[in-house]
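Chemist: following is a predicted model, sequence given first.
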Amino acid sequence: MRPSQLPAWRQLPGWCTPAEGDHLYETARALQDGGADMAAEIGTYLGRSAVAIGLGCQEAGIRLYTIDHFRGNPEHETPPSREAAERNIAAFGLASCVTIREGESVKIAETWRYALAMLYIDASHVFQDVINDFAAWWPHLARGGCVLFHDSYHTDWPQVIEAVQTIAMRWPLEEQRPVGSIRGFRKR
Ligand SMILES: C[S@@+](CC[C@H](N)C(=O)[O-])C[C@H]1O[C@@H](n2cnc3c(N)ncnc32)[C@H](O)[C@@H]1O
């Protein structure tokens, strides 16, 4: 079921709007196992977007890894708790489909072994961090796989907008329809 239709999902803390949550869910649900049997999210926080993607992954039969160092961003009042994120994910029956990996995104990418069908980036809002996250995970994204960026369209995060604009110009990507603040692309 679409996350926006779940009252419990709407109450989860986080910045992913109902329209964005539904878009992430639909994108994940449409994934097919074409040799890439994983999705990854950079920026778990308390699991709001991870649950949206995870509900779609569960229907597609694909696993989701969600990555966070759990130190939070400078704009967060308190850092997120890994235990709370785990509880939130489990409350939607996603414990066996969604796995949290705690650590630095770029470090984890260095030893990553799975091809990704979907990558969602919603971590640091600093220009170079967005570029670094994307560049580190790009080799793991399967051809035809999708990469989506939160806060990259019509938002108050100019550095994310600029970073994603730079990425769109430099990497072989085919742009998809934006939804809310999310710009999405397919790897050519
Ligand atoms: C904006 S919040 C994510 C919100 C979440 N996607 C949602 O919709 O509920 C960004 C998260 O990224 C994490 N983060 C920032 N930089 C990171 C990095 N380099 N590696 C791993 N996690 C990072 C922060 O700890 C924070 O929890």
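Modeler: Here it is on my side, so go on.

Chemist: low-confidence regions, this structure specifically.
Modeler: In the predicted model, the chain carries pLDDT under 70 at residues 33-35.

Chemist: for it, what's the longest strand?
Modeler: The residue-count maximum for a strand in the chain (DSSP state E) belongs to strand 141-149.

Chemist: which helices and strands does that one pack with?
Modeler: helix 18-29, strand 116-121, helix 127-137, helix 158-170, strand 183-187 (3 or more CB pairs under 8 Å, 6 or more residues apart in numbering; DSSP states H and E). Any C-beta I mention is one placed from the backbone N, CA and C, and that applies to glycine too.

Chemist: for it, buried residues please.
Modeler: For strand 141-149, the neighbour count (16 or more other CB atoms under 10 Å) marks 141, 142, 145, 146, 147, 148, 149 as buried.

Chemist: show me what it is in contact with.
Modeler: 24, 27, 34-36, 115-122, 130, 134, 137-138, 160, 164, 167, 173, 176, 182-188 (CB atoms under 8 Å, 6 or more residues apart in numbering).

Chemist: just the C-alpha atoms of it, please, in PDB.
Modeler: The C-alpha trace of strand 141-149 is given here as PDB (Å, rounded to 0.1, in the frame of the first residue of the first chain):
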ATOM      1  CA  LEU A 141      24.500   1.400  -9.900                       C
ATOM      2  CA  ALA A 142      23.500  -1.000 -12.600                       C
ATOM      3  CA  ARG A 143      23.000   0.300 -16.100                       C
ATOM      4  CA  GLY A 144      19.300   1.300 -16.300                       C
ATOM      5  CA  GLY A 145      19.200   1.700 -12.500                       C
ATOM      6  CA  CYS A 146      17.700   4.800 -11.000                       C
ATOM      7  CA  VAL A 147      19.300   7.400  -8.700                       C
ATOM      8  CA  LEU A 148      17.100   9.900  -6.900                       C
ATOM      9  CA  PHE A 149      18.100  13.000  -4.900                       C
END
